[in-house]
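Visitor: quick one: sequence and predicted model below, then my questions.
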Amino acid sequence: MTALNQSTGHAGSRILAYGAARGDVVVTNDDIVGPIDSSDEWIRQRTGVIERRRASKDVEAVDLAVEASLDAIRTAGIEPSQIGAVLVSTISNTVQTPSLAALLTDRIGATPAPAYDISAACAGFTYGIAQADAFIRSGLAEHVLVVGAEKLSQFAKPTDRTISFLLADGAGAAILGPSDEPGVSPTVWGSDGGKWDAVGMDNPLSAYRDGAGAVDWPTLRQEGQTVFRWAVWEMAKVAQQALDAAGITADDLAAFVPHQANMRIIDELAKQLKLPEHVLIGRDIATTGNTSAASIPLAAHALLVEHPELSGGLALQIGFGAGLVFGAQVVRLP
């Protein structure tokens, strides 16, 4: 029997650089509290959000993705032509098909790299990191661009009190490349479709199409208590499993970068993990808002800008959200 050739890759992969792009409009709590009959104090106490960044009408998710990707490429010191795959996590593409990733690949000059979108909402960036690591270790690609890009403001219903005041726009990108030792730990990931209705759209697209104006444009909503309890209790277990899979303890961490869903969730996860005082925690939600798939790379980028001494340290990152889906891994910071 004739044997097939098999590609071989590298011993490990690591993140070489992050890139970031946030919406160009600052939206304060006072700007949005009227329709939900709320207050700046109520939003701050419940979510920790002071303001969120949203994009102008003519700025789409792909535009944010281009800005973040070019930032990461420049920082990594590579050429776009060296990118072997482009993975974009988004729920904000303007069309069902083709993918945002394919358009992004063309706009940053990475053609003909394979490109596809990942629909895993707030866990999507960790899903992309897991796949990029596997690509590099297997020899499928030398460098991989992983992007989380969202324009969630287009799905924010001004009168919704469950999630709309959290939603924001932005993109975070990471360039992964080969490493002589692992820079990405085994990923702990999964899903719980039994809670499929806990976070998502309030109407299917078909209802909007067939309603002839009787049904509003689908927007995001959530069952707040269901999501909060699941995120706090179940994701703490997943985060600990990720530490165990990496073969480290919380004491070995330099940073903790969770999905920026809600400041109360972030603080509770840190508490349950018993993180030492030296571990810095990403809390980008306070001034950026919840950007779903973009939130982890944006928070990591912000931490490194503010604390460059974190470079080379280990960070535990965990994403969780609509699906319900989740993913966590430990990465070495660029």
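Guide: Looks like it arrived, so ask away.

Visitor: only C-alpha atoms for contact and neighbour calcs from this point on.
Guide: Will do.

Visitor: where do the helices sit along this protein?
Guide: Applying DSSP state H to the chain gives helices spanning 29-32, 40-47, 61-76, 100-107, 124-138, 205-210, 224-229, 235-246, 263-272, 285-288, 295-306.

Visitor: looking at those, which is buried most?
Guide: helix 124-138 (a mean of 25; mean count of other CA atoms under 10 Å).

Visitor: would you mind writing the CA trace of that one as CSV?
Guide: The C-alpha coordinates for helix 124-138 follow below in CSV (Å, rounded to 0.1, in the frame of the first residue of the first chain):
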residue,chain,number,x,y,z
GLY,A,124,-14.8,32.2,19.8
PHE,A,125,-11.4,33.7,20.4
THR,A,126,-10.3,30.8,22.6
TYR,A,127,-11.7,28.4,20.0
GLY,A,128,-9.5,30.2,17.4
ILE,A,129,-6.4,30.0,19.6
ALA,A,130,-6.9,26.2,20.0
GLN,A,131,-7.2,25.7,16.3
ALA,A,132,-4.2,28.0,15.5
ASP,A,133,-2.0,26.1,17.9
ALA,A,134,-3.0,22.8,16.3
PHE,A,135,-2.3,24.1,12.8
ILE,A,136,1.2,25.2,13.7
ARG,A,137,2.1,22.1,15.7
SER,A,138,0.8,19.9,12.8
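
Visitor: report the distance from it to the chain centre.
Guide: 14 Å (CA atoms, centre = their mean, to the nearest Å).

Visitor: again with stretch 259-277
Guide: 17 Å.

Visitor: then stretch 155-163?
Guide: For stretch 155-163, the distance to the chain centre is 20 Å (CA atoms, centre = their mean).

Visitor: what pLDDT, on average, does it get?
Guide: Across stretch 155-163, pLDDT averages out at 94.

Visitor: how about stretch 14-29?
Guide: Per-residue scores along stretch 14-29 average to 98.

Visitor: and the end-to-end length of it?
Guide: Using CA to CA, to the nearest Å, one end of stretch 14-29 lies 38 Å from the other.

Visitor: identify each buried residue in that stretch, please.
Guide: 14-23, 26-29 (16 or more other CA atoms under 10 Å).

Visitor: closest to L298 out of those residues?
Guide: A20 (5.8 Å; CA to CA).

Visitor: sorry, back to before: nearest to V279 among the helices of the chain would be which one?
Guide: Using CA to CA, those put helix 263-272 closest to V279, at 9.6 Å.

Visitor: contacts for that closest one?
Guide: 46-49, 228, 231-232, 235-236, 256, 258-260, 283, 285-286 (CA atoms under 8 Å, 6 or more residues apart in numbering).

Visitor: swap in 6 Å and give it another go.
Guide: 47-48, 232, 236 (CA atoms under 6 Å, 6 or more residues apart in numbering).

Visitor: now the angle from it to helix 235-246?
Guide: Using axes from the mean of the first three to the mean of the last three CA atoms, to 10 degrees, the inter-axis angle of helix 263-272 relative to helix 235-246 is 50 degrees.

Visitor: one step back: the helices of the chain: lowest mean pLDDT?
Guide: helix 205-210 has the lowest average pLDDT among the helices of the chain, namely a mean of 84.

Visitor: ok so, going back, okay, the helices of the chain in CSV with distance to E150 next?
Guide: Shown next, in CSV, are those (distance: least, CA to CA, whole Å):
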stretch, distance to E150
helix 29-32, 20
helix 40-47, 20
helix 61-76, 5
helix 100-107, 11
helix 124-138, 11
helix 205-210, 19
helix 224-229, 20
helix 235-246, 23
helix 263-272, 20
helix 285-288, 12
helix 295-306, 9
